[in-house]
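S.K.: Got a predicted structure plus its sequence, pasted below:
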Amino acid sequence: MEKKISLIVCEGDQNTRVDTFINKYNKEISRTRIKNLILDQNLKINNKIIKDPSKKLMLNDKISIQIPEPKKTSLKPFKYNLNIVYEDDDLIVINKPAGIVMHPGAGNYDNTIVNALINYDKELSTSIGDELRPGIVHRIDKNTSGLVVIAKNNFTHENLSNQFDKHSILRSYQLLIWGKLRPSTGRIETFITRSSKNRQMMETSLTKGKKAITNYKTLEIFENKNTPTLTFLECKLETGRTHQIRVHMNYLGNSIVGDDKYKKKFKKIKNIDEELNNLLLGLDRQFLHAKTLGFYHPKKNEEMVFTSNLPHELDIVIKKLRKLNN
C-alpha cells in the first residue's frame, strides 16, 4: 500500500541533508531506500520536486515523500544452494563462492545471490534497502569468494549500513599477488574513482574520488627456481570502495593472481613446475577471498565475528607453493 510521509523542519534540523532528516524521524525505511525514492522523484520540499538526496534543509521547510508499494514481481527466485554460515530473525551470513554476482544488474537480473535469497526466504521483502538489492548491505565481486552479511529487516539494514559508514566493520581478505611488497607490511591510502578509459574499472587518484584505505600484511613469500615470485597477503579494509583491494594492488604494481581486469599477463616461466603452471593458468577467478567478517549485532548488541577458509581452488595453489618452497 502506498504511503506518504510529511514532516516540517524545526529548530536544530536546518542545514541537515534531506535523506538524513527523513531517516532521523522515520526508521521504517532505510536511508538507502530514502535516497532511491528521492532519485526517483518521490520527494517534494515546499511542494517542489527535489531529486538531490544531499539537499540541505532550511527552517520551516515542508517535506513530503511518497513511498510506493514495493514491486513484488521484479525479482525472480533462483534455485541455488546458499552456504549459510549463520542465520537468525534479523540477518543472514553467507559464504559466497566465486562465479556469482551479489545482486541484479545490467545483463543479469535472475541468477544472483539476491534471487537465491528470494528463493530461500519467500518473506524477504523487496522494501529492505533497495528493490533490486533487498537486504544487501555490502558486496564482494563476482569472482571473489567469502563472507557477506544480509539484513532481513529495515532496522538491521540501517544499523549495519551505519556500521559500514563508520568503518567499524571488521573485514579481512586473503590474496595471492605477483611479486613481493616492500615494506612487507604497510598501509595504502589513495582516492579511488571510476576509470576515464574503461567505465567498468576503477583507478587511483591523488585529487578526486572517494578515500580508500587498505592495510596489508605479508603472510608468506614464495620464491625459488621452480616458481615465479608470489606473495600470500592479508588485507584489512578501513573503507569499502569498489574493487578496492584489486585497484590498490595494481597501483603498487603487484596485481592479484587470476584478476582478469587489473592483471599482469602470466606467461609460462622457464623451469616452472608443470603442476603449478597448470593451477595458475587454470584459475578462472581472482585469488581474493573475504576471510573474516565482524560486526555488532543490531538487536543483540554483541560482537559477532565469522571466519571462512580458502575455497578448494585457492587452497590447492597455496599448498602446492608451500610444497615447492620446502
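M.R.: Yep, that arrived. Numbers count the residues shown, from 1 in each chain.
S.K.: what sits up against the longest helix anywhere in the chain?
M.R.: When the chain is parsed with DSSP state H, its longest helix is helix 312-325. Under the contact criterion CB atoms under 8 Å, 6 or more residues apart in numbering, helix 312-325 has outside partners 98, 145, 176, 220, 222-224, 226-227, 230, 232, 257, 273, 275-276, 279-280, 283, 285, 287, 289, 309-310. For every residue, glycine as well, the C-beta is placed using N, CA and C.
S.K.: Pull out the buried members of those residues.
M.R.: 98, 145, 176, 222, 227, 230, 232, 257, 273, 276, 279-280, 283, 285, 287, 289, 310 (16 or more other CB atoms under 10 Å).
S.K.: re the thing from before, buried residues in the longest helix of the chain?
M.R.: Neighbour counts using 16+ other CB under 10 Å place 313, 314, 317, 318, 320, 321, 324 of helix 312-325 among the buried residues.
S.K.: Just the mean pLDDT for it, thanks.
M.R.: Averaging pLDDT along helix 312-325 gives 95.
S.K.: all helices in the protein, in order from the N-terminus.
M.R.: 18-25, 31-39, 113-120, 154-165, 244-252, 274-282, 312-325.
S.K.: just to revisit the earlier point, and the buried residues of helix 312-325, which is closest to residue 248?
M.R.: Checking those against residue 248 by CB to CB gives residue 314 as the nearest, at 19.4 Å.
S.K.: Out of the buried residues of helix 312-325, which is nearest to residue 56?
M.R.: For the buried residues of helix 312-325, the residue nearest residue 56 by CB to CB is residue 314; the value is 47.2 Å.
S.K.: Quick check: the gap between the closest one and residue 287.
M.R.: Distance from residue 314 to residue 287, counting by CB to CB, to the nearest Å: 6 Å.
S.K.: list the residues that contact both of the two?
M.R.: residue 176.
S.K.: Compile the buried residues of helix 312-325 into CSV and extend it with columns for distance to residue 33.
M.R.: Converted to CSV, those look like this (distance: CB to CB, whole Å):
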residue, distance to residue 33
313, 37
314, 36
317, 41
318, 41
320, 47
321, 46
324, 51
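S.K.: for this structure, what spans make up the strands?
M.R.: Taking DSSP state E as the criterion, the chain carries its strands at 3-8, 43-45, 48-49, 62-67, 84-87, 91-96, 145-151, 170-178, 185-194, 202-205, 210-224, 227-237, 288-296, 303-307.
S.K.: Run the chain-centre distance for the fourth one.
M.R.: By that I understand strand 62-67. Taking CA atoms, centre = their mean, to the nearest Å, one finds the center of strand 62-67 at 30 Å from the center of the full chain.
S.K.: before we move on, the earlier item: return the most buried member of the strands of the chain.
M.R.: With neighbours taken as mean count of other CB atoms under 10 Å, the strands of the chain reach their highest mean count in strand 145-151, at a mean of 25.
S.K.: What is that strand packed up against?
M.R.: strand 91-96, helix 113-120, helix 154-165, strand 288-296 (3 or more CB pairs under 8 Å, 6 or more residues apart in numbering; DSSP states H and E).
S.K.: and it, how far out from the chain's middle?
M.R.: The answer for strand 145-151 is 9 Å, by CA atoms, centre = their mean.
S.K.: in this protein, what spans have low per-residue confidence?
M.R.: Applying pLDDT under 70 to the chain picks out residues 1, 70-74, 125-132, 264-270.
S.K.: got the CA coordinates for stretch 278-290 in PDB?
M.R.: Taking Å, rounded to 0.1, in the frame of the first residue of the first chain, the C-alpha atoms of stretch 278-290 are listed here in PDB:
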ATOM      1  CA  ASN A 278      48.500 -25.500 -14.800                       C
ATOM      2  CA  LEU A 279      47.000 -24.400 -11.500                       C
ATOM      3  CA  LEU A 280      47.800 -20.800 -12.100                       C
ATOM      4  CA  LEU A 281      46.700 -20.800 -15.800                       C
ATOM      5  CA  GLY A 282      43.600 -22.700 -14.800                       C
ATOM      6  CA  LEU A 283      42.200 -20.200 -12.300                       C
ATOM      7  CA  ASP A 284      39.000 -18.700 -13.700                       C
ATOM      8  CA  ARG A 285      38.800 -16.200 -10.800                       C
ATOM      9  CA  GLN A 286      41.000 -13.800  -8.900                       C
ATOM     10  CA  PHE A 287      42.800 -15.200  -5.900                       C
ATOM     11  CA  LEU A 288      40.900 -13.000  -3.400                       C
ATOM     12  CA  HIS A 289      38.900 -14.300  -0.500                       C
ATOM     13  CA  ALA A 290      36.900 -12.500   2.200                       C
END
